[in-house]
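S.K.: Here is a sequence together with a model predicted from it:
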Amino acid sequence: MRNDPAATPSTIYRKDYIAPSYLVDTVEMGFDLDPVSTRVATRIVMRRNPASLAKGIVLLGEELELVTLRLNGKRLKPAQYLLDGGMLRIPLAPAKVILEIETLTQPEKNTSLMGLYVSNGNFFTQCEAEGFRKITYFPDRPDVMAKYTVMLRADRKKYPVLLSNGNLIEKGDLGDGRHYAKWEDPFKKPSYLFALVAGKLVCQQEKYMLKSGRKVLLQVWVEKGNLDKTQHAMDSLKNSIRWDEERFGLELDLDRFMIVAVGDFNMGAMENKGLNIFNTKFVLANPELATDVDYANIEAVVGHEYFHNWTGNRVTCRDWFQLSLKEGLTVFRDQEFSADMVGTDSGRAVKRIDDVRVLRQAQFPEDAGPMAHSVRPDAYVEINNFYTVTIYEKGAEVVRMYQTLLGRDGFRKGMDLYFKRHDGQAVACDDFRAAMVDANGRDLSQFERWYSQAGTPKLQVTTHYDALKKTYDVTMVQSCQTTPGQKKKLPFHIPVAVGLLDQHGFDMPLRLKSEAINPAQDPALGITRVLELTKAKQTFRFIDVAEKPVPSILRNFSAPVVMDIDYTDAELAFLLAHDSDPFNRWEAGQRLATRSLIVLTNAAKNVIGTADGTARKTAMTAAMNSAVSNSAALAEAFRIILFDGTLDAAFQELAVTLPSESVLAEQSDVIDPQAIHAARHYLRSKLAHVLNEDLWVVYYANETPGDYSPDALAAGKRALKNVALSYLMDGDDADSHILAQHQYDGATNMTDRFAALVALTNSSAPGKADALSQFYADFAKEPLVIDKWFALQGMARTSDVAAVRQLMQHPAFTLNNPNRARSLIFSFCNNNPANFHAADGSGYTFWADQVIALDNVNPQVAARLARALDRWRKYGSGLQDQMRSALQRVAATPDLSKDVQEVITKALAY
Ligand code: TRP
Ligand code: ZN
């Protein structure tokens, strides 16, 4: 099924926003649920919008059969309205209107998973962003907010459970084997937050007392066999409710809050009012089936959707260009929630590092490619393509910068004012900024550029110590590369958190030249200063600096920028050992590792292509051996980290993890995926060799016997133990093979079992094929585990295109389920760069085949895959030519969705 067949996609511009011509007060809907054809009767009470000059009613609808249309009780004749593509216009209408619309949809045929669809025999809806128009004709735009009453009718046996938003106000029997349920949502909402669920489901439920003493009903709905996997989601929901009360003073506004899990879903989850619908991946967990990372993701996503109840639902977006208003803010809130759940300072730092890794891995490349867009974009073709890491993760960084600039209390004041002003409204990013400004009396006009300018700013930092005057100058120069449609960039308002370390590694007292008081007498001023860079070039002078410091710049990653600073290897090792800011401690190690990896990549580059086969291998080893002296310091630094008893295991694990291949790729001028892979693998084996005994010690020191718990401490230990295992396995000797096999066989939880399986699969261990087939047999009935099984093979060092095509023939593989398609195809195209970018271009042919095939099933998912070639201009000319041909082949395919067309057109134009 298509979103928008054939038509040349047109661009929607932010500047063209106009208020809706009619406002809607109430919506009553009746559904006769039938998988083949569902009848939807809708009664809309509307009135002319005094704020609009436009006349006439505009309704949107897609893939609908219009049965009847009545205006104020009178059936409209075809001459009285215009039905044109996705738009139904009634040019002449009175000021007050009651519209009655009957439409038919075909849920079973709906593979796009937008609108009303069937998954495993049950009904679900997905309306964000523009799915409601696949259910009925409606002014389907977020600035039209209304109260909804929904009547669901269906066969009682097949669909015993009938859910929609808000409160259940009536239910009963219809006599003919069918039953009904009537739901009323007391809050005004935009159509994208509408939802219904119907089918054979069961729930875990609990009464929960709010801080105010009010009791609410919490439910987690799943298929019958999954009731043993809902406890963690329920716990996460309760924690989210408590956290939002405590941190932001925000209370759950409903008497009933439901989460429903569905196996076929385009994204992570959806915040429909009172009826959150989740990808099973972000609900279901028990120790045998879910990893520590799954547990953490469930907590984060449950939190995210719950927090939307205020940031998104009570205050929503005026138009989809403002999407980051709710998404960036809600990601920031879920990040803070996860950090607070860990509690300790180092736990918070681990969460921060994880979040920055995602930003660098995914958002920086997006910001440097054909799809680069600002946090509040100016134009789009298909809004589904703008649910991006820029809107979400960079948007969260922008929100975080307010908190860094205003302090926690100032930020909270801004939030309070935001809700006071805008509760029940659909607003814009500028309204959020205005609330922050007005609550704090600050000028943040330049800060607006974070919303309007795309691209990752670059920060060049130089320092100068004057031993006579005891001054220390920090000079910063900012710049930003051009992005599509934006040639000229103006300076950003960048908060740069700075600390200075003395020769023993202690924080020095800080005093800026502009500061009157001596911070040595005022400890409140602390050891970190947030410098506000607003010009293209600016120098900040610290005074009374007793000795030449080692600077710690951009602490806690205080702004989403790339920072360039001239550290020596010794300074980096010093920072890694001493910085009181854990983020910068980790960062120093990453910088040190990146240096080794760049030298090694260049060595590998020179060898690849000059020799073949064994000759190449020997030459490579020789070249790398000569380059490897750089990594001796790294091994030593890692050893210190591994045995620093003051550090959390989770932090140690992050500190000894090398930058990923895609982060390294982003730092190359011309990406050579095979060289990067060879270099990284080589360095890992080298470290495994040099640190061999240490890794064994770390492995045994971090076992977690006894009952499984997903808490941060235990999860950190498992992560550290398993990173030790993966290093040892890169040494690829018999002892480590035995260790991995032993861990696999004896594992009592999925974290350890899966880590062992990954390690085996990427090694030459004799038992690896058996382990893979055993794993499949053991978990064949658990779709989420089978997704892991496909994903791990998609990413394996040994999986080339042929192997992946072979796996697609497996009976358990299907393109129709997004999780399954992502597990194998996306993991190969996005996370197996050395094989995907095979010199013969076979990876690109595979990619084009799958984009085209997926587009016939689910355009949204296809468009995500299409983005795997975003960075094609950054590769050598040989690979570039082949990527261009693959892009052109997709572009030339008839009847592409506008989702895929937009991505491919932009890539080719880049
Ligand atoms: N608003 C959802 C979230 O932030 C995102 C989402 C879920 C979505 N499903 C979607 C967006 C389908 C577009 C299409 O969690
Ligand atoms: Zn969201």
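M.R.: That came in fine, so what should we check first? Ligands and ions are numbered 1, 2, ... in the order given.
S.K.: contacts, neighbours, all on C-alpha from now
M.R.: Will do.
S.K.: longest single helix anywhere in this structure?
M.R.: Using DSSP state H to define each element, the chain has its longest helix at helix 395-422.
S.K.: quick one: contacts of the helix or strand V301 falls within?
M.R.: When secondary structure is defined by DSSP states H and E, V301 falls within helix 292-307. Here helix 292-307 makes contact (Cα atoms under 8 Å, 6 or more residues apart in numbering) with 232-233, 236-237, 240-241, 244, 268-271, 276, 281-283, 285, 330-331, 333-335, 337-338, 710, 715, 751.
S.K.: Please pick the buried ones from these.
M.R.: Among the contacts of helix 292-307, those classed as buried by 16 or more other Cα atoms under 10 Å are 232-233, 236-237, 240-241, 244, 268-271, 276, 281-283, 285, 330-331, 333-335, 337-338, 710, 715, 751.
S.K.: what kind of secondary structure is the nearest residue in space to V656 that is not next to it in sequence in?
M.R.: Of all residues not flanking V656 in the chain, F638 sits nearest, at 6.0 Å (Cα to Cα, 6 or more residues apart in numbering). State at F638, reduced to three classes by DSSP: H, G, I helix; E, B strand; the rest coil: helix.
S.K.: Spit out the contact partners of the residue in the stretch 451-600 of the chain that ligand 1 sits nearest to.
M.R.: Closest approach of the stretch 451-600 of the chain to ligand 1 (Cα to the nearest ligand atom) occurs at Y451, with a separation of 18.7 Å. Y451 is in contact with 374-377, 429, counting by Cα under 8 Å, 6+ apart.
S.K.: List just the nearest of these to T601.
M.R.: Proximity of the contacts of Y451 to T601 (Cα to Cα) peaks at S374, which lies at 32.5 Å.
S.K.: one step back: now the residue of the stretch 451-600 of the chain closest to ligand 1: which helix or strand?
M.R.: helix 449-452.
S.K.: Send me the helix holding V301 as CSV with only the CA atoms.
M.R.: The C-alpha atoms that make up helix 292-307 are tabulated as CSV, following Å, rounded to 0.1, in the frame of the first residue of the first chain:
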residue,chain,number,x,y,z
ASP,A,292,20.6,-5.5,30.4
VAL,A,293,20.4,-3.1,27.5
ASP,A,294,16.9,-4.2,26.7
TYR,A,295,15.9,-3.5,30.3
ALA,A,296,17.4,-0.1,30.2
ASN,A,297,15.7,0.7,26.9
ILE,A,298,12.3,-0.4,28.3
GLU,A,299,12.7,1.9,31.3
ALA,A,300,13.7,4.8,29.0
VAL,A,301,10.9,4.3,26.4
VAL,A,302,8.2,3.8,29.1
GLY,A,303,9.4,7.0,30.7
HIS,A,304,9.6,8.8,27.3
GLU,A,305,6.0,8.0,26.4
TYR,A,306,4.7,8.7,29.9
PHE,A,307,6.5,12.1,30.0
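S.K.: and the gap between the spatially most central residue of the chain and V498?
M.R.: Nearest to the centroid of the C-alpha atoms of the chain, with distances taken as Cα atoms, centre = their mean, sits V389, at 5.9 Å. Distance of V389 to V498, given as Cα to Cα, to the nearest Å: 27 Å.
S.K.: Give me the pLDDT for the closest residue to W310 other than its chain neighbours.
M.R.: Computed as Cα to Cα, 6+ apart, the closest residue to W310 that is not its neighbour in sequence is L250, at 7.5 Å. Among the per-residue scores, L250 shows a pLDDT of 99.
S.K.: ditto for A603
M.R.: Confidence per residue is given as pLDDT, and for A603 that number is 86.
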